[in-house]
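*Asks:* using only what follows, build the 3D model:
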Amino acid sequence: MIRYEEVSEHCFQLALKVIEQYFPDLEDVKIKFLFDTKKRTHGGRLVLGKCQKPNELLKHFTVPEAKDNDGYQYVITLDKMVFDNISDDDRIRIIRHELRHVDVDVEIEKEKKYKILPHNIEDFVEEIQLNLDDPDWARRVGAITRKLYK
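*Replies:* Below is the predicted model:
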């Protein structure tokens, strides 16, 4: 079985909505969203999503799909088991969190430089402020995820 699969149309539309609402400066950035069908952990913690820059080999394979000679600048993988079992509000929180890692720096020569931003604390300050209505959402989703993977 292949580990990664295309996100659902619903998930893709949620991502577009998040970009439009919170990250309009990313509308021209080519981001590939994928579901990860395998449980992923890091440091003993469940990983619900991951944002990364593709290496040159992966970029090569995404050139036709991205419809240019550059391929995707970022790949965001989302835990499929989690996404199939949480609310849209929580899906948006995870997508929004992963998009905070995207950093596009325009050099003096107008050439774009793509980087991954680390967390500025355990989460992003902006995400904590946006989630004041449900500050324990991550723990709740983590508990759901642990139950799903048992």
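
*Asks:* helices of the protein, start to end?
*Replies:* 9-22, 56-66, 80-83, 88-99, 125-130, 137-149 (DSSP state H).

*Asks:* of all those helices, which lies closest to residue 113?
*Replies:* With C-beta to C-beta, the closest approach to residue 113 among these belongs to helix 56-66: 15.0 Å. Bear in mind the C-beta positions are built from the backbone N, C-alpha and C, glycine included.

*Asks:* what's in contact with that closest one?
*Replies:* Outside of helix 56-66, the residues that reach it under the criterion C-beta atoms under 8 Å, 6 or more residues apart in numbering are 30, 32, 54, 69, 70, 71, 72, 75.

*Asks:* drop anything exposed from the residues you listed.
*Replies:* Buried members of the contacts of helix 56-66, scored by 16 or more other C-beta atoms under 10 Å, are 30, 32, 54, 71, 72, 75.

*Asks:* list the residues that contact the residue lying closest to residue 11 once chain neighbours are set aside.
*Replies:* Using C-beta to C-beta, 6 or more residues apart in numbering and skipping the chain neighbours, the partner closest in space to residue 11 is residue 83 (6.2 Å). By C-beta under 8 Å, 6+ apart, the contact list for residue 83 reads 7, 8, 11, 35, 91, 94.

*Asks:* of these, grab the buried ones for ChimeraX.
*Replies:* Per 16+ other C-beta under 10 Å, the buried members of those correspond to this ChimeraX selection:
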select :7,11,35,91,94
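
*Asks:* and the furthest pair within the contacts of residue 83?
*Replies:* Farthest apart among the contacts of residue 83 - using C-beta to C-beta - are 8 and 94, which lie 14.1 Å from each other.

*Asks:* sorry, back to before: what's the closest of the helices of the chain to residue 42?
*Replies:* Residue 42 lies closest to helix 137-149 among the helices of the chain, at 12.9 Å (C-beta to C-beta).

*Asks:* can you tell me how far residue 56 sits from residue 82?
*Replies:* Distance, residue 56 to residue 82, using C-beta to C-beta, to the nearest Å: 30 Å.
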